[in-house]
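*Asks:* Structure for the following, please:
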Amino acid sequence: MKIFLVLLLFISLSAFATQRVLAEPDFAEPLQTTASPVVVELFSSQKCPACPPADEFMKTVADMKGVIALSCHVDYFGKTSANLGKEFCTEKQTQYIKQIGRKAHFTPQMMVNGHMSKVGYETAKVSAAIVKGRSERLKNITINPKATGVFNYRLQQQKISENAQLWIAVFDKPKTLTERGKATTYYNVVRHLTPLEFWYGEEKTKAISPILNNDSAGFAIFAQDTQTGKILAAGQYQL
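*Replies:* Alright, predicted model coming up:
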């Protein structure tokens, strides 16, 4: 009888522990894994009144394992004292607008893996897109230092339908600025976005000297389908 009661107690405790595990999932952000990289690009502006929540959410995005977060400030809102707006950001967003079939620009816009467009402050939808982006299993571009200011990047061989454009994006350390009396911290703001060369899916190792300074936090390299905008491979190096 005692053995039966002990066994019954053990089963009850096991069931209770299982219920606690199943009842307490954390959906605050996508599951952190060592899976393939995901690229999240935020198109924002210091003068955009709807953008601060998305700008702040970029810290969460940038802290996610395997996520390459890039904040690109467009220049069609006009100049600001900090001059974060860049013409190349407007040009990059314009490419996306055409590829996804929209008629007009909007901010804040987040692009996930180059083809999933979301409103930047709709954080649950952005997080869901990041989860989906992980399942696309982008190839990783490995980046290693070679000499002072020189790095090697390596792409694995990959079958692709068309050619891809290789890009390098140099991004800055967090910067806090005040606009309309409110201070906002901006994360991973892109200072330089430069096309490197076309890639046709072959294995490739090449040296590069990115334009870095004391404000630089790191740089990312990604390969993007020239027709669809979909990102095929990506990697980043944090300083």
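*Asks:* for the closest residue to residue 61 other than its chain neighbours, helix, strand, or coil?
*Replies:* Counting by Cβ to Cβ, 6 or more residues apart in numbering, residue 61 lies nearest to residue 69, which is 4.6 Å off, once chain neighbours are set aside. Bear in mind the C-beta positions are built from the backbone N, C-alpha and C, glycine included. Following DSSP: H, G, I helix; E, B strand; the rest coil, residue 69 is assigned to strand.
*Asks:* which residues does residue 69 form a beta bridge with?
*Replies:* Legend: beta-bridge partners of residue 69 under DSSP bridges are residue 40.
*Asks:* what's the distance between it and residue 181?
*Replies:* 27 Å (Cβ to Cβ, to the nearest Å).
*Asks:* picking that back up, for the residue nearest to residue 61, grab the count of nearby residues.
*Replies:* Residues near residue 69, counting by other Cβ atoms under 10 Å, number 23.
*Asks:* tell me the pLDDT at it?
*Replies:* pLDDT recorded at residue 69 is 98.
*Asks:* got the residue ranges for the strands in the chain?
*Replies:* Ranges of strands within the chain are 38-44, 67-73, 109-112, 116-119, 139-140, 142-147, 150-155, 164-172, 175-179, 182-186, 190-199, 204-208, 216-225, 231-238, based on DSSP state E.
*Asks:* mean pLDDT for those strands: which is lowest?
*Replies:* Across those, strand 175-179 has the smallest mean pLDDT, namely a mean of 88.
*Asks:* tell me the angle it makes with strand 216-225.
*Replies:* Strand 175-179 and strand 216-225 meet at an angle of 90 degrees, taking axes from the mean of the first three to the mean of the last three Cα atoms, to 10 degrees as the criterion.
*Asks:* Identify the residues contacting strand 175-179?
*Replies:* The contact list for strand 175-179, computed with Cβ atoms under 8 Å, 6 or more residues apart in numbering, reads 46-47, 80-82, 84, 183-186, 189, 215.
*Asks:* Please repeat the previous calculation with a cut-off of 7 Å.
*Replies:* Contacts with strand 175-179, where a contact means Cβ atoms under 7 Å, 6 or more residues apart in numbering, come from 46-47, 80, 82, 183-186, 189.
*Asks:* ditto for stretch 183-194
*Replies:* Contact with stretch 183-194 is made by 52, 55, 58-59, 62, 69-73, 84, 88-89, 92, 167-172, 174-177, 211, 217, as judged by Cβ under 7 Å, 6+ apart.
*Asks:* switch to 8 Å and redo it
*Replies:* Contacting residues not belonging to stretch 183-194 are listed as 44, 46, 52, 55-56, 58-59, 62, 69-73, 84, 86, 88-89, 92, 167-172, 174-178, 210-211, 215-217 [Cβ under 8 Å, 6+ apart].
*Asks:* Noted, bye for now.
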